[in-house]
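Peer 1: test case, fold it:
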Amino acid sequence: MENLNLSSLKNIYGRMKSFHNEFEEMRLSASLGTPRENNDDDDDDDEKRLLLREDSSMVGLLLTRLPSLDEFEDDEPPTPTATKKSSAQSPPVNEDPHAAGLGGTLSSATLGIVKGMVGPAILYLPHGFAGAGYLVAIPMLLLSTSLFLWSSGCLLECWKMEMMSRQQQQHHHHHRQIALSYPELAYRAWGIKGQRLVQIGITLMQSGVCLTYLIFVPQNLRTSALLILNVDISTTVWLLLMVIVQIPLSWIRDIRRLTVTNLLANVLILFGLLSCLGLAMRQMGESGSVGDDESTSFLEEMVHRAKSLPAFNPDGWFLFLGTSVLLFEGSITLLVPLIEAVNTPEDKQKFPSMYRTVIIGIVSFYAFFGTVCWMAIGDSVRTVMTTSLPQGMLATMIQLAYSLAVIFTFPLQNFPSLEIVCASVEKILPKRGGDGKTPSASKMLKGSYREISNGQRNIISSMVVVSLSIVAVLAMDDLDKVVSIMGGLFGCPLAFVFPPLIENELGKGKIGSQKWIVNLAVATLGVGAMFVSTLTTLINWN
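Peer 2: Take a look at the predicted model:
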């Protein structure tokens, strides 16, 4: 029986590890899109536009199958044994390899949505609610969710249109298919400039999230040290220690080496969320505020506290505009790769409704979590909610757990933007082949392509971490404003503006005029939210 339980635990761990690896590779591929060497928008040759890299960190990052050398060597035909082995281990060209790792089912896709969306940003909600008031916070959260779901639907419609076009081309062409993603759809709508625009947006958004991490952790650790050691260690010192840890972690090129630490981070985040909610509810149950009646029920206490919450805060309502967008943490970039990873056509048809249901469920939990913690702690709740918890061993454990989780999550969160930066640097380097032409796939696999060295990449990654830390020092006491800027300036275009405009461009002659007008209205609202959130935050920044 003991051996059976041990075997079951190993099997569960193996499945979790496999899922995590495939998910992180998918997220990176979704952020990068299809690397392109040719800037000519009229080049429709998929073989020339799809770049393959031999680097172990990039193996499996493209949603299309990474071929072996045997497929490209004309003078060394594969043996029957090798062919059989290759076909047994690798999915066909039109099948997503992530379907095997992620299971290719709706349940696996659901887990991917939750994993991609739920993070430390939820801890900013109680302060956001308190700063805005429920008359602003609740409607704003509903509006952001509605706009996000509409934009998600736009990307899914674009995916359907491109899939239909792909199926029609299969009857006439047999060249390699390029994986669909958010940047890829932008490329097909607006060319290479559109792809780069989306990639820049993703880079800035991911970097902004990492910036909030560099503020979040020092504030948490300062509070923990004060409670445990009774020593007030400056947030600058904690930030320096975090940077010393993160710089070598940023040198890692194979994200599979971060699997164990990220799995641990997921467990710690789950523990932190449930514990925060439990502490908040316990605090409301223990401290009665309805007169002097000690028999007050928990429900009556909640109702009384809810009635006492301020409806509107004229001093900080504008900050919630960006906060409500940052909650999604750029999860829209995962949408297309997730539906690509689903196996059966039947499940693909069910995916849009499932996606909406899961997003609504997550946002509902967000609203419940933010409201309960706000009612329990009151208007004095800080931006980093864990620093406002009642003093005690459990609160300290939550602070340490979340700090470790964010430290472990930072390298993966920073990885996509770092890869985009490195890819941009590579484009200005001379090709190794030296002939000035786009190399073939076999030459790229042999090294005849642009690539920065490990030392150059380490320097770039170190500079990125140090640059973010400098900004973190300057904004250490203004995390709420940083969150608002990140959500408004970078989150709004990615979540609300680009997707409906991409559908209008790709759907010319295919979508009705009414849908076109609604898409334009949603994009306009997104632009308006971006300017209002960003400008009001900057104007009121002390």
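Peer 1: name the nearest residue to V198, ignoring sequence neighbours.
Peer 2: Excluding the flanking residues, the one nearest V198 by Cβ to Cβ, 6 or more residues apart in numbering is A186, at 4.3 Å. Where you see a C-beta, it was placed from the backbone N, CA and C, and this is true even at glycine.
Peer 1: which strands or helices does the helix or strand containing that neighbour pack on?
Peer 2: Counting by DSSP states H and E, the element that carries A186 is helix 182-190. Judged by 3 or more Cβ pairs under 8 Å, 6 or more residues apart in numbering; DSSP states H and E, helix 182-190 is in contact with helix 2-32, helix 134-170, helix 192-228, helix 335-341, helix 498-506.
Peer 1: and the third one, what does it pack onto?
Peer 2: Think helix 192-228. Packed against helix 192-228 by the contact rule (3+ Cβ pairs under 8 Å, 6+ apart) you find helix 2-32, helix 182-190, helix 235-250, helix 319-326, helix 393-426, helix 454-474, helix 479-485, helix 498-506.
Peer 1: let's see stretch 130-149 as PDB, backbone CA atoms only.
Peer 2: Taking C-alpha atoms only, stretch 130-149 is exported to PDB below (Å, rounded to 0.1, in the frame of the first residue of the first chain):
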ATOM      1  CA  ALA A 130     -11.100  51.100  -0.300                       C
ATOM      2  CA  GLY A 131      -9.500  53.800  -2.500                       C
ATOM      3  CA  ALA A 132     -12.300  53.900  -5.000                       C
ATOM      4  CA  GLY A 133     -15.500  53.000  -3.000                       C
ATOM      5  CA  TYR A 134     -17.900  50.300  -4.000                       C
ATOM      6  CA  LEU A 135     -19.900  52.600  -6.300                       C
ATOM      7  CA  VAL A 136     -16.900  52.900  -8.500                       C
ATOM      8  CA  ALA A 137     -15.000  49.600  -7.800                       C
ATOM      9  CA  ILE A 138     -17.800  47.100  -8.500                       C
ATOM     10  CA  PRO A 139     -19.100  48.700 -11.700                       C
ATOM     11  CA  MET A 140     -15.500  49.300 -13.000                       C
ATOM     12  CA  LEU A 141     -14.700  45.700 -12.400                       C
ATOM     13  CA  LEU A 142     -17.800  44.600 -14.200                       C
ATOM     14  CA  LEU A 143     -17.000  46.900 -17.100                       C
ATOM     15  CA  SER A 144     -13.400  45.700 -17.400                       C
ATOM     16  CA  THR A 145     -14.600  42.100 -17.400                       C
ATOM     17  CA  SER A 146     -17.200  42.800 -20.100                       C
ATOM     18  CA  LEU A 147     -14.600  44.600 -22.300                       C
ATOM     19  CA  PHE A 148     -12.100  41.800 -21.700                       C
ATOM     20  CA  LEU A 149     -14.600  39.100 -22.600                       C
END
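Peer 1: buried set for that stretch?
Peer 2: Judged by neighbour count (16 or more other Cβ atoms under 10 Å), stretch 130-149 contains these buried residues: 130-134, 136-137, 140-141, 144-145, 147-149.
Peer 1: about what we covered before: and the angle from the helix holding A186 to helix 134-170?
Peer 2: 70 degrees (axes from the mean of the first three to the mean of the last three Cα atoms, to 10 degrees).
Peer 1: quick one on the thing from earlier: among the buried residues of stretch 130-149, which pair sits farthest apart?
Peer 2: By the measure Cβ to Cβ, A130 and L149 form the most distant pair in the buried residues of stretch 130-149, at 26.3 Å.
Peer 1: that older thread, just name the closest of the buried residues of stretch 130-149 to N313, please.
Peer 2: Nearest to N313, judged by Cβ to Cβ, of the buried residues of stretch 130-149 is G133 at 4.6 Å.
Peer 1: how about the closest one, what does it touch?
Peer 2: L309, P310, A311, F312, N313, W317 (Cβ atoms under 8 Å, 6 or more residues apart in numbering).
Peer 1: at 6 Å what do you get?
Peer 2: P310, A311, F312, N313 (Cβ atoms under 6 Å, 6 or more residues apart in numbering).
Peer 1: now do the same for the nearest residue to it once chain neighbours are set aside: its pLDDT.
Peer 2: Leaving aside its sequence neighbours, G133 sits nearest to F312 (Cβ to Cβ, 6+ apart; 4.0 Å). For F312, the pLDDT comes out at 91.
Peer 1: ok, F312 to M140 distance?
Peer 2: F312 sits 12 Å away from M140, going by Cβ to Cβ, to the nearest Å.
Peer 1: again, but for T524
Peer 2: Distance of T524 to M140, given as Cβ to Cβ: 17 Å.
Peer 1: before we move on, what about L123?
Peer 2: Taking Cβ to Cβ, one finds L123 at 18 Å from M140.
Peer 1: quick one: stretch 360-375 to chain centroid distance?
Peer 2: 20 Å (Cα atoms, centre = their mean, to the nearest Å).
Peer 1: ok, and what's touching that stretch?
Peer 2: Identification of contacts with stretch 360-375 by Cβ under 6 Å, 6+ apart yields M117, I122, L125, P126, F129, A130, T145, A280, R305, M385.
Peer 1: what is the nearest of the residues you listed to L474?
Peer 2: Closest to L474, out of all of those and judged by Cβ to Cβ, is M385, at 22.7 Å.
Peer 1: for that closest one, what are its contacts?
Peer 2: Going by Cβ under 6 Å, 6+ apart, M385 touches L123, P126, C373.
Peer 1: and the strand or helix carrying the last one, what's buried?
Peer 2: Yep, that's C373 we're talking about. Following DSSP H and E, one finds C373 within helix 345-377. Across helix 345-377, burial judged by 16+ other Cβ under 10 Å covers 347-348, 351-352, 354-355, 358-359, 362-363, 366-367, 369-377.
Peer 1: need the helices and strands packed on helix 192-228 in JSON lines (columns: distance to Y213, mean neighbour count and mean pLDDT).
Peer 2: Shown next, in JSON lines, are the helices and strands packed on helix 192-228 (distance: least, Cβ to Cβ, whole Å; neighbours: other Cβ atoms under 10 Å; pLDDT from 0 to 100):
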{"stretch": "helix 2-32", "distance to Y213": "16", "mean neighbour count": "16", "mean pLDDT": "63"}
{"stretch": "helix 182-190", "distance to Y213": "23", "mean neighbour count": "24", "mean pLDDT": "94"}
{"stretch": "helix 235-250", "distance to Y213": "9", "mean neighbour count": "17", "mean pLDDT": "96"}
{"stretch": "helix 319-326", "distance to Y213": "12", "mean neighbour count": "29", "mean pLDDT": "91"}
{"stretch": "helix 393-426", "distance to Y213": "5", "mean neighbour count": "21", "mean pLDDT": "89"}
{"stretch": "helix 454-474", "distance to Y213": "9", "mean neighbour count": "16", "mean pLDDT": "93"}
{"stretch": "helix 479-485", "distance to Y213": "10", "mean neighbour count": "24", "mean pLDDT": "93"}
{"stretch": "helix 498-506", "distance to Y213": "25", "mean neighbour count": "24", "mean pLDDT": "96"}
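Peer 1: how about the ones you listed in CSV, adding distance to L538?
Peer 2: Output for these, formatted as CSV (distance: least, Cβ to Cβ, whole Å):
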stretch, distance to L538
helix 2-32, 27
helix 182-190, 28
helix 235-250, 23
helix 319-326, 11
helix 393-426, 23
helix 454-474, 14
helix 479-485, 8
helix 498-506, 23
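Peer 1: out of those helices, flag the one nearest C276.
Peer 2: The closest of these to C276 is helix 393-426. By Cβ to Cβ, the value is 6.1 Å.
Peer 1: packing partners of the closest one?
Peer 2: Using 3 or more Cβ pairs under 6 Å, 6 or more residues apart in numbering; DSSP states H and E, the elements in contact with helix 393-426 are helix 2-32, helix 192-228, helix 259-286, helix 454-474.
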